[in-house]
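Visitor: Here is a sequence together with a model predicted from it:
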Amino acid sequence: MTKTKIIATVLVAMVLGFASATAINKYNWFGPRVNIFDKTRLETPQLQIANAKDSAALVHPLRISGELTFAGERVPLEDPDVMERMDRELQVNAYWQSNTVLSMKLANRYFPEIEKILLEEGVPADFKYLALIESGFRDAVSPSGAAGFWQFLGATGRQYGLEVRPDVDERYNIDKATRATCKYLRQAKEKLGSWTAAAASYNIGMGGLQERMTAQNTRDYYELMLTSETSRY
């Protein structure tokens, strides 16, 4: 190594050493550990931060009180199992912030149109949430081939009046697919006895829910033992 290179190397090492020492002194990397939340409290006294060492914010669980109905039918929250199931959905979705905020934005766009069609077709407006459950207002295709906001299978879509062909697929037409859903829901309500059961059948099928009602000798959705996905409906 030449004398010039040796001098340059020493200078670089000195500069880097000085920078490292400055950084260590500034940020105290190898000194006593600093509780970042205590530091934040000192630097931003205007913030209202929970008095806890391990969190900069306090997350409160949502509380349920009063009466709850779906499609005009009472939800029996006095039943501990029903209360636990409802509580689970509230907590999971309320604190899944990114998904919930996006769903709220899309709901503001699509709910008015969907609700109008539901009421025209004689179906309770609460069923607008069914489209949110099924697709999140996204034109996705499920592994089983269900498509559109209401996630119709091809055969089911055709059964309820939709054109489903390679060149035309009315499952993606909000107006027509919503009206087809209304036909299904009215038929399911008449067969199964309640709007709540009709909603559950949208997940498991009318025949599937009818079989479970017969086997378990009850037509009350809240008393049925169902799969996890259907019981979450």
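Guide: Okay, I see it.
Visitor: Every contact and neighbour count from this point should use C-alpha atoms.
Guide: Noted.
Visitor: Can you pull the poorly scored residue ranges out of this structure?
Guide: Scanning the chain for pLDDT under 70 picks out 1-60.
Visitor: Closest to the centroid, which residue in it?
Guide: Nearest to the geometric centre of the chain sits Asn93, at 5.1 Å (CA atoms, centre = their mean).
Visitor: quick one: contacts for it?
Guide: The contact partners of Asn93, by CA atoms under 8 Å, 6 or more residues apart in numbering, come to Thr100.
Visitor: Which strand or helix spans it?
Guide: Here Asn93, judged by DSSP states H and E, is contained in helix 80-94.
Visitor: Just after that helix, pick out the following helix or strand.
Guide: Next element after helix 80-94 (DSSP H and E): helix 97-120.
Visitor: That following helix packs against which elements?
Guide: When contacts are defined as 3 or more CA pairs under 8 Å, 6 or more residues apart in numbering; DSSP states H and E, helix 97-120 sits against helix 128-135, helix 174-192.
Visitor: Mind listing residues that contact the next helix or strand after the first one?
Guide: In other words, helix 128-135. Sequence order places helix 154-159 as the next helix or strand after helix 128-135, per DSSP H and E. Outside of helix 154-159, the residues within contact range by CA under 8 Å, 6+ apart are Gly145, Ala146, Glu163, Val164, Arg171, Ala177, Ala180.
Visitor: Weed out the non-buried ones from these.
Guide: Using 16 or more other CA atoms under 10 Å as the burial test, the contacts of helix 154-159 include Ala146, Glu163, Val164, Arg171, Ala177, Ala180 as buried.
Visitor: ok but the fourth one is inside a helix, no?
Guide: Yes. With DSSP: H, G, I helix; E, B strand; the rest coil as the criterion, Arg171 is part of a helix.
Visitor: Hmm, it is touching Phe152, no?
Guide: Yes. Contact criterion CA atoms under 8 Å: Arg171 and Phe152 qualify, at 6.6 Å.
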